[in-house]
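Undergrad: just the structure for this:
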Amino acid sequence: MKILVVGGGGREHALVWKIAQSPLVETLYCAPGNPGIAELAELVPLNVEDVDGLCAFALEKGIDLTVVGPELPLTLGIADRFKAAGLTIFGPSQAAAQIEGSKGFSKDLMAKYGIPTAAYARFSERDQAVAYVKAQGAPIVIKADGLAAGKGVILAQTLEEAVQAIDEILVDGVFGEAGKSLVIEEFLYGEEASFFAFTDGKNILPLASAQDHKQIFDGDKGPNTGGMGAYSPAPVVTDALYQRIVDEVVQPTIDGMAAEGCPYCGILFVGLMIDGEKIRVLEYNARFGDPEAQPLLSRMKSDLVPILRDCARGELTTRALEWHEGAAVCVVLAAAGYPASVRKGDAISGLTAANALEGVQVFQAGTALCEGQLVTAGGRVLGVVGRAADVPAAIERAYAGVAQIRFDGAQWRRDIGQKALRRLQSS
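TA: Numbering: from 1, shown residues only. Modelled structure (predicted):
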C-alpha cells in the first residue's frame, strides 16, 4: 500500500513510526512531516491546510490510504474532498469534525443523547456571559467555542478570572474566529483521563486508556498547554469504568452522530473527568491525542494499518486490539517561552544517545534542520517515551531518555506518571 500521513508533529511521528512497521506498507509519505519523520517516510512540502494540494498529490501518486493527524484539515473538510475524488481517507467528515471544531455543537449533542457531561450555557454576547458567571459563581470553566490549539479552556478560580477570560475571548479576540462565541461550564472535580476508540461510523474498537498532563508546571500548575506528557494505561480507568465508558459514552456518541446525519468515521478522542463512580465528558477531539498517541502507539501490538483502512472503508470488523504488556510513559520537552511566545532555533543534541537506551523512543514534534543541525522550531519539541513492564520502570526509562537530551531553555515536567503511581500504591 501507498500511504500518506498528513501532519508534522509528535503525534504524526508516532503514527508514521507505527505505520512503517506494517508489512502492508510499500511506500510511506508525510506532509509536511519533520526531520524525525524523514527517517521513515518521504516528506512532501505541503501544509496541512492545503486540502486541494494534498488531494492532487494523493491522486498523482495513487495513494491507497491517507491518514489525517491534526484537527485543522479535518475541520476544513479534507475527508469530504478526498472521498469526492475517489480516495480512501481515515478521518471524519467536515460535518462530523464539528464534534471538536465547535464545543457548542458537542455540548448540545451530549445533552440531546443523554451523554454525561457538565452543566453548560452558550454565549456570544459579553454582558450576558458575565451575568451568567456572576449568577453561577466560581470556580467555573470558560471555553472558546472553536479550535484553539488546546489552549482555549480557562479554569477560572474566581469571578474576576472568569470575567477576564470572557473579555479576552469575546472582546479582545485572543483566539480569533475560535472565540466568536463561548461555552461556560460547571467546574468538575476529579481526575482526568483520555479514552480513544476507532470507528467506521457504526462499529467501535476501543483502545487502552491513557492520561494527559495539560498544565505546564508540576502538580498541574500554570497555564494549559497542548499536553506536557502522558501515560498508558491510566489506573483511574478500572475495568468496570472502561466498560461503562464504552457503553455510556462512546457508543451513544457514535449512535447520536449517525442519527444527526453526520456519521463519525475515524478515531474518537473523549476527554473524561472521573470522580469515584462518576464519569463525565469534558470534550471530544476528532483525532489522536498528542501526546497520548505516543505512549498508546508504543504499546500497541496489533498492526495499525488494517484498522485504519477498514475504518476508512466502513468495514471495521476487528473486535479487540493486542497490546504489549506493561506501561508506556511520554515526557514532552518544550521550548523556552512555551506555551506563550516560543523561542526557536536552539540546537538540539543527545537524540541518538536517548534512542539507544533500552525501551526508549524519541518522537520529534517542533524540530527543524538548520545547516545540518537539528534545532527547535515549535512549542513542544520532543516526546520521550519509555516503555517497560510496569509504570515505575516506564517512568524511569522515559526520564533516562530526557537526561540524554540538551537544548537551551528546555522545559519539562518532572512528575509525569506520578498520579498513576499514587493510585497503584493505594490500591
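Undergrad: next, the closest residue to residue 351 other than its chain neighbours: secondary structure please.
TA: Leaving aside its sequence neighbours, residue 351 sits nearest to residue 362 (Cβ to Cβ, 6 or more residues apart in numbering; 5.4 Å). Yep, even glycine has a C-beta here, placed from its N, CA and C like the rest. Assigned with DSSP: H, G, I helix; E, B strand; the rest coil, residue 362 falls in the strand class.
Undergrad: going forward, count from 32.
TA: Renumbered: residue one is now 32, and that last one reads residue 393.
Undergrad: gap between residue 393 and residue 314?
TA: 28 Å (Cβ to Cβ, to the nearest Å).
Undergrad: give me the more crowded residue out of the two.
TA: Neighbour tally, residue 393 and residue 314, criterion other Cβ atoms under 10 Å: the higher count belongs to residue 393, 25 against 19.
Undergrad: list the contacts of that one.
TA: By Cβ atoms under 8 Å, 6 or more residues apart in numbering, the contact set of residue 393 is 67, 382, 385-386, 413-416, 432, 436.
Undergrad: beta partners for residue 361?
TA: Judged by DSSP bridges, the bridge partners of residue 361 are residue 261, residue 416.
Undergrad: quick one: neighbours of residue 265, just the number.
TA: When neighbours are counted by other Cβ under 10 Å, residue 265 registers 28.
Undergrad: my guess is it meets residue 225, correct?
TA: Yes. The pair residue 265 and residue 225 passes the contact test of Cβ atoms under 8 Å, sitting 7.5 Å apart.
Undergrad: now do the shared contacts for the two.
TA: Taking Cβ under 8 Å, 6+ apart as the contact rule, residue 265 and residue 225 both touch 240-242.
Undergrad: out of those, who's nearest residue 79?
TA: For the shared contacts of residue 265 and residue 225, the closest approach to residue 79 (Cβ to Cβ) belongs to residue 241, at 23.5 Å.
Undergrad: ok, the closest one - contacts?
TA: Applying Cβ under 8 Å, 6+ apart to residue 241 gives the contacts 224-227, 261-265, 320, 323, 326-327.
Undergrad: recalculate using a threshold of 6 Å.
TA: For residue 241, the contact set (Cβ atoms under 6 Å, 6 or more residues apart in numbering) comprises 225, 261, 263, 265, 323, 327.
Undergrad: give me the nearest residue to residue 101, chain neighbours excluded.
TA: residue 38 (4.8 Å).
Undergrad: neighbours of that neighbour, how many?
TA: Counted with other Cβ under 10 Å, residues neighbouring residue 38 total 27.
Undergrad: again with the one 10 residues further on
TA: Neighbours of residue 48 under the rule other Cβ under 10 Å: 20.
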